[in-house]
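Enquirer: sequence first, then the predicted structure:
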Amino acid sequence: MRGLVPLALALAACTVRSASDAGCQAPLFGRPGAQTGLTAAECQPACLCGTTPFVPARFDAARLALLREWRLEVPYAEVTEDPYAKDAGPSAGVCGMVPTDVAARRYRLETFADVTAVSAAGGVLTHHGACGVCSTLDDLALYAEAPDLGAPVRQCGIDTFSQGFEANVRCLQALGFTRPCAQIWAWNTAHTRSKCLEPCVLEGDKPYHLSDGGLNACLACDERESGPVFKAVAGRTRRNTGLATAICRPCEETRPVAHDYP
């Protein structure tokens, strides 16, 4: 277990990485659930230290419904080829939602150099990092609505194991993912199964976190082996979207986003 971080450093920024570290009111950022393995005292949906403290945007049923009214003008192409067969592409910049017809609730997604450029184009920051197949507002609505997607995604992988890739995609679509986003999640599942089978068989059903706040061996392997390509293709993640989830993260890994759409 990591030692206590000196108070002076903790006050300077959210750089603590363990649930036992001192400093911020909540050393880890998230929304603990049944599988988290941490208490509300160890992980909270707020980062209250550092130079940019923030509380994530709140999404009630009405706000989620408004998100789902928007339609992407040019839908993403399907992810039909295994993205893990090649290196992850660049993910610099930020992803902006640019309304093209507010009355008709139509929009486009574009990667910009920075938030200033998004605003200059009349857009709204929807997440940090380049846009990808999960950057849509429909996928944002699912991410915001379900703080713990790990359990249902894993169950889709188990239920469709003998049925093939397409069955897994359909299962993920039934959860609410758009089809291209469901496909990258399915590719992620397949790749993690090939690289992390042993730790995930042994620890897949265990709490997400160890007692010191670290990830269990299955999640740590998935993040190491499958994370970079997934992030590059998906674009949106819960962390770069500023959403609190059942997997708790250090504050410096989470990027605040206001989600102030028209």
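Expert: Structure received.
Enquirer: can you map out the strands along the stretch 101-250 of the chain?
Expert: Along the stretch 101-250 of the chain, the segments classed as strands by DSSP state E, counting those that start in this stretch run 106-112, 124-128, 249-250.
Enquirer: highest mean neighbour count out of the ones you listed?
Expert: strand 124-128 (a mean of 24; mean count of other C-beta atoms under 10 Å). The way it works is simple: take the backbone N, C-alpha and C, and place the C-beta from them, glycine included.
Enquirer: which helix is the longest one in the chain?
Expert: Among the elements of the chain assigned as helix by DSSP state H, the one spanning the most residues is helix 179-195.
Enquirer: what mean pLDDT does it have?
Expert: Taken as a whole, helix 179-195 carries a mean pLDDT of 98.
Enquirer: next: stretch 234-241.
Expert: Stretch 234-241 carries an average pLDDT of 97.
Enquirer: contacts for it, please.
Expert: Contacts to stretch 234-241, defined as C-beta atoms under 8 Å, 6 or more residues apart in numbering, come from residues 91, 95, 126-135, 139-140, 143, 181, 184-185, 230-231, 244-245, 247, 249, 253-255, 257.
Enquirer: filter those residues down to the ones in helices?
Expert: Reading helices off the contacts of stretch 234-241 with DSSP H, I get D139, L140, Y143, C181, I184, W185, F230, K231.
Enquirer: return the residues in contact with the second one.
Expert: By that I understand L140. Counting by C-beta under 8 Å, 6+ apart, the residues that L140 touches are L67, T126, R236, T241, H259.
Enquirer: the spatially closest residue to V257 that is not a sequence neighbour: how many residues sit nearby?
Expert: Take V257 and drop its neighbours on the chain: the residue closest to it by C-beta to C-beta, 6 or more residues apart in numbering is G242, 3.9 Å away. G242 has 22 neighbours, counted by other C-beta atoms under 10 Å.
Enquirer: thought G242 was touching E253?
Expert: No - at 11.2 Å, G242 does not count as touching E253 under the criterion of C-beta atoms under 8 Å.
Enquirer: would you mind measuring from C218 to C43?
Expert: From C218 across to C43, the span is 19 Å (C-beta to C-beta, to the nearest Å).
Enquirer: same check, this time on V153
Expert: V153 is 20 Å from C43, where distance means C-beta to C-beta.
Enquirer: which residue of these two possesses the greater neighbour count?
Expert: Higher neighbour count among V153 and C43: C43, with 24 against 20, using other C-beta under 10 Å.
Enquirer: what residues are up against that one?
Expert: By C-beta under 8 Å, 6+ apart, the neighbours of C43 are A19, A26, P27, L28, F29, G30, R31, P32, T36, G213, C248.
Enquirer: what do you get for T80?
Expert: Q183.
Enquirer: so A167 touches T160, yeah?
Expert: Yes - counting by C-beta under 8 Å, A167 touches T160, with 3.9 Å between them.
Enquirer: report how many residues lie close to A232.
Expert: Neighbours of A232 (other C-beta under 10 Å): 18.
Enquirer: for the remainder of this discussion, apply numbering that starts at 45.
Expert: All set: I'll call the first residue 45, so the last point we hit is now A276.
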